[in-house]
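> need a structure here:
(chains A and B)
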Amino acid sequence: MAQKSNMGAASGLGRVLARSGVVVAGYLVYVGAVAGLPLDERANEDAWSPQARAGMGVWREQACTGCHSIYGLGGHTGPDLTNAWSRMGEEYIRTVLREGVRAMPAFELSESEVQSLLALLAETDGTGVYPPPSNFAPVFGVGR
Amino acid sequence: MSGTMKRAFGRGGLLLAGLPIACLLGVVAVGLVVGVKAAFPEWMMDLLPMQVLQPLHAFMGVAFVLCGLASGVVIALRRECGGFRGDGLVAPAMFVFVVGSGAAIVLGRGSGVEYIGWPVGMSVFLGLVFLGLAGAVLSRLSALSARTPEGAWLLVIGLVLVAMGLGERSAEIIARPDLTRSLTIEWHALDTFFAGWNAALYGLGMVAIMRPGDQGRRLRGRWLFVLAVFCLLSTFSHHHYMSAQPSVLKWIALTASMLAAVSFARHVWAIAMSWSRHRGGPPERAFFIAAEVWTLVAVGTGILLAVPQLNIWLHGTTAIVSHSMGSMIGVNVMIVMGTLVRYGCPCDAVLAQQMIRRVRWTGVTLVLVCVNLVLAGGVEGVLRVDRTFQEWDPAVRQWLSPLPVLGVLLGLTLTSMCVGVWRSLRTGEQPERRAARAAIEIKPVRMSERVPVGAGTGQ
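Okay, the predicted model is just below:
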C-alpha cells in the first residue's frame, strides 16, 4: 500500500515537472515572438530616433505615467498623450511643461530634455490614433 | 505576541504575518488620498503629487501580494512539510524590498514604469527570492503533490513565472527598444508576472484548504492543460489592440481571451455544485468563498473587456481599474488573508461568524467602488470619441465624485478585516484546537471524487 502511494507521489512529481517544463517552453516561445515578430507597418522602427529614445528616459525619470498614458496605458489624471503632438501642437506642449496647467505642475527641464520629450511625442503620434475616432473604428488600430 | 506568532508560523512569525498586513494598510492609506485626487486632481498638488502617489499606491498593492505570497509559501511549507533551509531569511528579504523600494519611489528614484515602479536592481533581488522559493517548493514537491497535485504544480510554475516576468520587464527597462515594441514587451512581462502570482496564490490556497487525508484534484487532462497554458501565456495583447504591435499577436490574444469562457463556464458549474456545502466551517472559509466568487467576476469581466468593440470603448478608462481592483482585493487579498487565518487563528464558530461579516462588508463596498469606476469609465468611453480631454474631463470627474466616500468605506472595511485577522492571530491557535481543526472539512471530498493521481488524464 505504502509502495503504491510512493509510486503515485513520484508519478505526480514527474507530471508536475513535465508540465512546468511545457509552460516555461511556451513562455520562451512567446518571448521570442514578442521580441522578433515584425510590427504593424504603422510603426516604422527605423524612425525611432536616439532623441526619442532619450525622451523615453525623461518620461520615466519624471514618472509621467503617474498621470498620463500612451495608448491608454498609464494614469488617468491627465489626458492620453498618444496623439498630443498633432492635437495640441509643439508650442502648447512646451508652455504646459514650463508653466503647468490645472492639476499639472510646472517642470524644470533642460532644453535638451524638452526636445527629447517632444521627439518622443512626435514619433509616437505617427504610430496610430488613440482614443479611436469612433466606437466603430477598425478593431486592430487606425493608421494616421 | 511574538510568541503566539512563533508558535503558529515558526521563526520570524511576527514579520511573516505583519508585513503583508502592513502593506495592505499602506495601500488603504495611500488609496484614500488617490481616491480624493481622482475626483479633485488639483487638491494639494504640491504636497501630494500624483507622480508619487500613483506609483506608490500601485507599489503597495503589488508589495502586499508579493509579501503575502512569500509569507504564505514559507508558512505552508513549515506547517505541511517541516520547512526548508533558509526559510527564516524570506521575511527579512521582503522587508528590505518593501522599505527600499518604497523609499526609492517616494524620493523619485523609481523606474517610472507601471506596476513595477521600484528600481531595476530591486527586481533582480526580488527575482532571486522567488526563484529561491520555487526551489524550496520543488524540494518538497513529492510531499505536496501527494496531497494536491494541481496545487503543487500551480505553486511551482507560478513562482517561476513571477521571476521570469520580473526579468523580462527589467530587460525592457534597460534596453528601451522602440515605443511599440516596448509597449508589447511591457504587457507581455506584466501579464506573465500577474499570471505567475495568481497561479501561485491559487496553488497556495489549494494547499491551505486541504485536510489531512484529503486527496486534492488530480492534474487536468492533456488538452485542457494545453488550453490553460495557451490562455495563460497569450492573452496579453488584448491590452492594446489599438497600438501597432504585431497583428498576429492580437489575433492570438483575441482567440485566447475568448477561450477563457471555457474556464468561466467550468467555474460557474463548480460553484453551483458546491454551493450547498458552503455553510458553517472554519474561519478561513469566508475568505476562500469570496476568492471563488471574485474569480468568477474577474474572469467574466476580463472576457468582456477583451471583446474588441468593448475594448475600444472602455480601454484606458477607469472601467479597467475596476477590473484590476476587483481581482486584487477580491481574489489576491482574500487568498492571502485566508491562508494566514487557516494556519494562525483559533478554529471556533464565533470567530468564523466575525470573519464572514468582515469579508461580506468588504465585498459590498468593493462592489460599490467598482460600479462607480465602471460608470465613470463608460461615460469617458462615450464622451472621448468626439470631444477633447478638456471638454469631457469635468463630466467624468463629476461621475467620480462619490469615489472619495466609497473609497473611505472600502478602506474602513479592509482595515476592519486586517484588524480582525491581526487580533485573531495574536490569540493564536492552541495545540488542542489545532487537532480539533483537522476534524473540520472545508470541502468534503466524496468517495467518487477520490481519483488516483494521474488517472483519466489519458497519459
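> Verify the contact between B:A38 and B:L403 for me.
Yes - B:A38 sits in contact with B:L403 when judged by CB atoms under 8 Å, with a separation of 5.6 Å. For the C-beta atoms, the positions are set from N, CA and C on the backbone; glycine is no exception.
> Those residues of the stretch 201-350 of chain B touching chain A, which are they?
B:219, B:225, B:229-230, B:232-234, B:239-250, B:308-309, B:312-313, B:315-318, B:320-321 (CB under 8 Å from any CB of the partner chain).
> Of those residues, which count as buried by neighbour count?
Members of these that pass the buried threshold by neighbour count (16 or more other CB atoms under 10 Å in any protein chain shown) are listed as B:219, B:225, B:229, B:232-234, B:239-247, B:249-250, B:308, B:312-313, B:315-318, B:320-321.
> Break chain A down into its structural domains.
A:1-36, A:41-125 (automatic domain parsing).
> Can you report how many residues neighbour whatever residue of chain A ends up closest to chain B?
Relative to chain B, the nearest point of chain A is A:G72 (2.3 Å; CB to the nearest CB). If you count neighbours by other CB atoms under 10 Å in any protein chain shown, A:G72 ends up with 22.
> Including mean pLDDT and distance to B:V65, could the domains of chain A go into a markdown table?
Formatted as a markdown table, the domains of chain A follow (pLDDT from 0 to 100; distance: least, CB to CB, whole Å):
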| stretch | mean pLDDT | distance to B:V65 |
| --- | --- | --- |
| domain A:1-36 | 75 | 20 |
| domain A:41-125 | 90 | 20 |
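> isn't B:L77 right up against B:D87?
Yes - the pair B:L77 and B:D87 passes the contact test of CB under 8 Å, sitting 6.9 Å apart.
> neighbour count winner among the two?
Counting neighbours by other CB under 10 Å for B:L77 and for B:D87 shows that B:L77 has the greater number, 23 against 20.
> Strands of chain A, residue ranges please.
Along chain A, counting by DSSP state E, strands occupy A:69-70, A:73-74.
> who wins for proximity to B:L340 among those?
Between B:L340 and the strands of chain A, the shortest separation by CB to CB is 33.2 Å, and it involves strand A:73-74.
> Check which helices and strands the closest one sits against.
helix B:179-209 (3 or more CB pairs under 8 Å, 6 or more residues apart in numbering or on different chains; DSSP states H and E).
> I'd like the mean pLDDT over the helix it packs on, please.
Here the mean pLDDT over helix B:179-209 is 91, rounded to a whole number.
> just stretch B:135-148 next, same as before
Confidence over stretch B:135-148, taken as the mean pLDDT, stands at 89.
> neighbouring contacts of it?
A:5, A:8-10, A:12-13, A:15-17, B:73, B:77, B:80-81, B:84, B:86-87, B:151-153, B:155-156, B:159, B:206-207, B:210, B:214-217, B:453 (CB atoms under 8 Å, 6 or more residues apart in numbering or on different chains).
> for that stretch, which positions count as buried?
Burial within stretch B:135-148, assessed by neighbour count using 16+ other CB under 10 Å, is assigned to B:A136, B:V137, B:L138, B:R140, B:L141, B:S142, B:L144, B:S145, B:A146, B:R147, B:T148.
> quick check, nearest of these to B:E186?
Each of the buried residues of stretch B:135-148 was scored against B:E186 by CB to CB, and B:V137 proved nearest at 28.2 Å.
> Please save the CA atoms from the helix or strand where that closest one lies in CSV.
B:V137 is part of helix B:120-139 when elements are defined by DSSP states H and E. Only the C-alpha atoms of helix B:120-139 are listed here, as CSV (Å, rounded to 0.1, in the frame of the first residue of the first chain):
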residue,chain,number,x,y,z
VAL,B,120,15.6,47.7,-11.6
GLY,B,121,18.2,46.4,-9.1
MET,B,122,15.4,45.5,-6.7
SER,B,123,13.8,43.3,-9.4
VAL,B,124,16.9,41.3,-9.5
PHE,B,125,16.9,40.9,-5.7
LEU,B,126,13.1,40.0,-5.8
GLY,B,127,13.5,37.6,-8.7
LEU,B,128,16.2,35.7,-6.7
VAL,B,129,13.9,35.5,-3.7
PHE,B,130,11.1,34.0,-5.8
LEU,B,131,13.4,31.6,-7.6
GLY,B,132,14.6,30.5,-4.1
LEU,B,133,11.1,29.9,-3.1
ALA,B,134,10.4,27.9,-6.2
GLY,B,135,13.4,25.8,-5.4
ALA,B,136,12.2,25.3,-1.9
VAL,B,137,8.7,24.1,-3.2
LEU,B,138,10.5,21.8,-5.7
SER,B,139,12.5,20.3,-2.9
